[in-house]
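Peer 1: Give the three-dimensional model of this entry:
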Amino acid sequence: MKLGFEESQAAYSSGSQSARTWTEAWVKAQAYCPQCGNTKMSQFPNNSPVADFLCSTCNEEFELKSQKGKFGPKVADGAYKTKCERLTASNNPNLLLMNYNLQSLAVVNLFIVPKHFFVRDIIERRKPLAATARRAGWIGSNILIGKVPNAGKIHIVQNGVVRPKETVLQDWQKTLFLRDESLEVRGWLLDVMKCVESLGKREFTLEDVYEFERHLGDLYPGNQNVKPKIRQQLQYLRDRGFIEFVSRGNYRLRS
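Peer 2: Have a look, this model is predicted:
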């Protein structure tokens with residue numbers, strides 16, 4: 001995989017237009033589908049409301065966001081209402097996030113947030129555009145990347161280093177079980193996954209996760225049985241191979 005943009009790509013007077021052309025051309029030429037490994041990524045027509053790229057083999061769709069600096073905890077996205085409506089759609093796109101270096105004209109980081117990590121809780125409603133704006137009253141959205149567990153940020157390129165394709169495909173497969181669940185169920189699972197990851201250790205106990213009882217209770221005020229719910233989520237994650245049972249009350253994150 002070559003990280004540099006093609007020199008033959010003509011520059012535009014607009015920096016953002018040049019960057020979009022370079023990054024989109026790079027994805028089409030260099031990227032591959034993490035679902036099936038296919039290297040043929042088709043590009044949708046410009047300004048398509050659905051996504052930017054399509055895998056010609058398995059029909060996975062991808063939306064590309066790119067910028068010079070690393071992404072923060074929020075990523076601006078399209079219309080809020082449309083985004084919320086599409087969360088359960090089969091063709092809701094996976095998110096490709098790229099940051100690049102303008103001096104070297106090369107990709108620095110590229111990671112994927114699989115669509116099964118998108119739940120309503122990570123979609124933030126932005127303020128309506130002012131009455132003086134061209135699209136007055138339009139309401140956009142932010143994707144709260146900071147709320148996504150690390151397992152949902154699969155790097156293809158990290159700090160200028162290309163990760164092995166086999167590793168990327170394995171990381172993708174680890175969380176596909178989430179696609180089988182409703183938004184509500186996925187929300188609980190993702191929040192518990194985030195809590196487990198925040199412990200910062202591979203082996204942990206049930207009591208460690210119970211420390212998040214108040215936090216999870218605040219997220220789900222209608223649930224009065226948070227501890228049983230935590231045990232249920234850990235059992236589910238164990239059954240799906242995301243974590244493993246070591247002994248009574250003791251677990252380990254699978255590598």
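Peer 1: now the helices for the stretch 151-255 of the chain?
Peer 2: Counting by DSSP state H, counting those that start in this stretch, the stretch 151-255 of the chain has helices at residues 165-174, 183-198, 206-210, 213-219, 226-239.
Peer 1: mind checking which of the ones you listed is nearest R120?
Peer 2: R120 lies closest to helix 183-198 among these, at 6.2 Å (Cβ to Cβ). Glycine gets a C-beta too; all of them are placed from N, C-alpha and C.
Peer 1: and the helices of the stretch 151-255 of the chain as TSV, adding mean neighbour count?
Peer 2: Output for these, formatted as TSV (neighbours: other Cβ atoms under 10 Å):
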stretch	mean neighbour count
helix 165-174	15
helix 183-198	19
helix 206-210	15
helix 213-219	14
helix 226-239	16
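Peer 1: would you list these in CSV and tack on mean pLDDT and distance to L97?
Peer 2: Output for the helices of the stretch 151-255 of the chain, formatted as CSV (pLDDT from 0 to 100; distance: least, Cβ to Cβ, whole Å):
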stretch, mean pLDDT, distance to L97
helix 165-174, 96, 14
helix 183-198, 93, 18
helix 206-210, 97, 29
helix 213-219, 95, 25
helix 226-239, 96, 25
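Peer 1: between these, which one is nearest to A29?
Peer 2: Across those, A29 has its closest neighbour in helix 165-174 (15.5 Å, Cβ to Cβ).
Peer 1: Pairing partners for D77 in the sheet, please.
Peer 2: S141 (DSSP bridges).
Peer 1: For it, which residues are in contact?
Peer 2: Contact analysis of D77 by Cβ atoms under 8 Å, 6 or more residues apart in numbering lists 65, 83, 123, 140-143.
Peer 1: contacts for stretch 165-179?
Peer 2: For stretch 165-179, contacts defined as Cβ under 8 Å, 6+ apart pick out 32, 34-35, 37, 112, 114-117, 151-152, 154-156, 186, 189-190, 240-242, 254.
Peer 1: Can you dump the C-alpha atoms of that stretch in PDB for me?
Peer 2: Output of stretch 165-179 as PDB, limited to C-alpha atoms (Å, rounded to 0.1, in the frame of the first residue of the first chain):
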ATOM      1  CA  LYS A 165      -4.200  -6.600   6.100                       C
ATOM      2  CA  GLU A 166      -4.800  -9.900   7.800                       C
ATOM      3  CA  THR A 167      -4.900  -8.100  11.200                       C
ATOM      4  CA  VAL A 168      -7.400  -5.500   9.900                       C
ATOM      5  CA  LEU A 169      -9.700  -8.200   8.600                       C
ATOM      6  CA  GLN A 170      -9.500 -10.100  11.900                       C
ATOM      7  CA  ASP A 171     -10.300  -6.900  13.900                       C
ATOM      8  CA  TRP A 172     -13.300  -6.300  11.700                       C
ATOM      9  CA  GLN A 173     -14.600  -9.800  12.200                       C
ATOM     10  CA  LYS A 174     -14.400  -9.600  16.000                       C
ATOM     11  CA  THR A 175     -17.400  -7.200  16.400                       C
ATOM     12  CA  LEU A 176     -19.700  -8.300  13.500                       C
ATOM     13  CA  PHE A 177     -22.000  -9.900  16.100                       C
ATOM     14  CA  LEU A 178     -23.200  -6.400  16.900                       C
ATOM     15  CA  ARG A 179     -25.000  -6.200  13.600                       C
END
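Peer 1: Okay, domains of this structure per the record?
Peer 2: What automatic domain parsing lists as the domains of the chain is 15-173, 184-253.
Peer 1: measure the shortest one end to end?
Peer 2: Distance between the boundary residues of domain 184-253 (Cα to Cα, to the nearest Å) amounts to 23 Å.
Peer 1: and G241, backbone torsions?
Peer 2: Taking degrees, to the nearest 10, you get phi 80, psi 10 for the backbone angles of G241.
Peer 1: Just give the nearest non-adjacent residue to it, would you?
Peer 2: Once flanking residues are discounted, G241 sits nearest to R254: 6.3 Å by Cβ to Cβ, 6 or more residues apart in numbering.
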